[in-house]
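Chemist: I would like the atomic coordinates for the input below:
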Amino acid sequence: MRTSRILGSAFARPNHTTLTSSLPSPIPISRHICSAASNLPRATQEHRRTAQFSSFIGRTGGLSRTNNREVRKYNTKSTSSEAPPFAFAFDIDGVLLHVATPIPGAPEALKFLNDNNIPFILLTNGGGKHETERVKDLSQKLGIELTTDNFVQSHTPFRQLVEGPDSMREKTILVTGANAEKCRLIAEDYGFRNVVTPADILKAHPEVFPFDPLLDTVYTATARPLPRPVFTPGSGMRLSDALKIDAMFVFNDPRDWAYDIQLIVDLLLSQEGYVGTYSPKNGDAALPSCGWQQDGQPPLYFSNADLLWSTGFHLPRFGQGAFQAAVAGVWRRLTNGHELQRRVIGKPYSETYQFAERVLATHRHEVLRRRGHHEPGTLKSVYMVGDNPESDIAGANDFKSEAGTEWSSILVRTGVWSPEHAGEKALQGKFRPKVIVNDAREAVRWALKREGWAGPTL
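Modeler: Okay, here's the model as predicted:
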């Protein structure tokens with residue numbers, strides 16, 4: 001899994017209503033996500049848990065829990081035919097996989113849940129591939145059939161921005177990521193009709209980045225003609241005839257940081273998003289924020305804030321949050337300390353968990369309907385299994401379900417967090433999980449025991 005920090009504060013977490021503390025008013029993506037979520041079936045009836053858990057430090061130094069409450073009061077004598085009132089959400093990197101290699105026990109855990117009609121979703125801050133492509137790849141690697149119905153990745157909620165009164169369907173957007181052309185194709189599949197990549201601009205106007213491009217071969221192979229030319233002062237061109245970018249999206253971890261930062265900052269300094277312009281309001285002390293980002297510049301969206309993530313290497317690697325930090329750092333230097341206004345989704349933000357809960361509720365209803373449960377009842381508990389205190393654990397702990405569903409956080413030792421590198425001192429407050437276990441299989445076992453499961457054993 002990925003993380004926005006391990007110790008200390010890499011980013012101040014945005015307000016959960018606006019997704020960024022630097023914005024003065026609620027932003028469209030939050031409304032779109034909430035609106036889209038409201039169209040999905042809800043887990044009904046409020047559920048409140050009154051029993052408490054006491055914690056102690058186990059002999060191995062890991063956080064453990066003793067269960068001081070009674071098991072749930074529902075019939076488990078024939079559990080496979082019952083509609084269980086609980087479900088699971090799994091992170092992927094560091095929980096189910098290390099890059100392409102399944103983590104021992106993870107495939108067995110998913111197969112067990114599938115065989116016993118216990119719904120689950122995969123909730124990841126990863127991205128850069130279309131949902132159908134990623135699900136097919138994951139199905140092959142994990143050896144279990146998955147569908148897009150129970151899969152949410154970091155940029156999945158972006159598809160909601162093409163709907164509603166504030167639709168960006170016909171707007172011109174700039175997208176970037178590890179493979180900007182693939183990000184473009186994803187955006188187009190989501191419904192965006194006018195998508196530009198950094199390659200398009202560079203190939204039309206090489207002077208925008210006067211260095212040897214790191215990805216020149218890729219840029220040459222993927223560039224498309226610009227829908228309009230870049231504005232050139234003194235050319236007699238009317239501003240309205242120039243290329244205007246209405247929004248910028250970082251789908252996943254960019255590779256060519258230098259060029260992408262240059263282009264993003266150019267647009268943040270522009271007049272109303274016209275490429276090649278510079279706003280006369282920039283630096284005006286008489287305006288709010290000294291005029292910075294006060295002239296209709298395009299909003300900047302990041303699909304997650306993860307500073308680090310777990311890979312095949314034994315130490316965590318930089319993720320999209322590192323790129324975001326670089327953009328924000330350059331912006332502070334240029335603006336004499338002003339904070340970058342940006343919009344961030346993904347874990348740990350509540351909008352993403354709300355979206356995921358609705359997806360899970362819909363998936364659960366369908367799974368149980370196919371098994372003959374036409375009245376599946378209330379979804380009372382969701383167990384979030386992750387490797388990252390900063391996103392998986394904090395997000396689950398902070399999330400307040402509108403349906404009254406309790407989200408419980410389970411931290412595994414197979415990913416970003418480890419007692420050697422971060423230690424339990426980092427697991428305080430909202431970063432403190434219900435329990436720490438070795439892997440995903442142990443996480444499922446712990447949850448089943450907590451739920452009073454009397455069916456087959458894992």
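Chemist: what sits up against stretch 101-118?
Modeler: Around stretch 101-118, the neighbours that count as contacts under Cβ atoms under 8 Å, 6 or more residues apart in numbering are 79-80, 83-84, 86-88, 90, 94-97, 119-120, 141-145, 312, 367-368, 371, 373, 414, 439-444, 455-456, 458. Just so you know, the C-beta spots here come from the backbone N, C-alpha and C atoms, and that holds for glycine as well.
Chemist: avg pLDDT for the helix ranked longest in the chain?
Modeler: Criterion DSSP state H: the longest helix present in the chain is helix 350-370. Mean pLDDT, computed over helix 350-370, is 88.
Chemist: in that helix, what's buried?
Modeler: 350-368 (16 or more other Cβ atoms under 10 Å).
Chemist: distance of the residue positioned nearest the centre of the chain relative to residue 369?
Modeler: Nearest to the mean C-alpha position of the chain, counting by Cα atoms, centre = their mean, stands residue 346 at 2.4 Å. Plainly put, residue 346 is 30 Å away from residue 369 if you go by Cβ to Cβ, to the nearest Å.
Chemist: of the contacts of stretch 101-118, buried ones?
Modeler: 79, 83-84, 86-88, 90, 94-97, 119-120, 141-142, 144, 367-368, 373, 414, 439-444, 455, 458.
Chemist: which of these fall in helices?
Modeler: Using DSSP H, these in helices are 141, 142, 367, 368, 440, 441, 442, 443, 444.
Chemist: the first one against residue 99, yeah?
Modeler: No - at 9.5 Å, residue 141 does not count as touching residue 99 under the criterion of Cβ atoms under 8 Å.
Chemist: residues bridging contact with the two, i.e. touching both?
Modeler: Contacts common to residue 141 and residue 99, judged by Cβ under 8 Å, 6+ apart, are absent.
Chemist: so what pLDDT did residue 213 get?
Modeler: Residue 213 is given a pLDDT of 74.
Chemist: ugh, wrong one, residue 307
Modeler: pLDDT, residue 307: 90.
Chemist: give me the neighbour count for the closest residue in space to it that isn't next to it in sequence.
Modeler: Nearest non-adjacent residue to residue 307, counting by Cβ to Cβ, 6 or more residues apart in numbering: residue 321, 3.8 Å away. Residue 321 has 27 neighbours, counted by other Cβ atoms under 10 Å.
Chemist: how close does residue 321 get to residue 293?
Modeler: In terms of Cβ to Cβ, residue 321 sits 20 Å off from residue 293.
Chemist: just residue 446 next, same as before
Modeler: For residue 446 relative to residue 293 (Cβ to Cβ), the value is 46 Å.
Chemist: now residue 336
Modeler: 14 Å.
Chemist: same question for residue 361.
Modeler: To residue 293, residue 361 is 37 Å away according to Cβ to Cβ.
Chemist: check residue 362 too.
Modeler: Taking Cβ to Cβ, one finds residue 362 at 37 Å from residue 293.
Chemist: what do you get for residue 127?
Modeler: 25 Å.
Chemist: quick one: residues contacting residue 261.
Modeler: 323, 326, 327, 330.
Chemist: ditto for residue 243
Modeler: So residue 243 contacts 172, 196, 201, 226, 227, 228, 229, 230, 231, 274, 275, 276 (Cβ under 8 Å, 6+ apart).
Chemist: quick one: pLDDT of residue 150?
Modeler: For residue 150, pLDDT reads 90.
Chemist: that one contacts residue 124, doesn't it?
Modeler: No - with contact defined as Cβ under 8 Å, residue 150 does not count as touching residue 124 (11.9 Å).
Chemist: right, and residue 262 touches residue 207 too?
Modeler: No - the pair residue 262 / residue 207 is not scored as a contact, 11.8 Å apart, by Cβ under 8 Å.
Chemist: looking at the two, which is more packed in?
Modeler: Shown here are residue 262 and residue 207; by other Cβ under 10 Å, residue 262 has more neighbours (17 against 7).
Chemist: distance of that one from residue 213?
Modeler: On the measure of Cβ to Cβ, residue 262 and residue 213 end up 11 Å apart.
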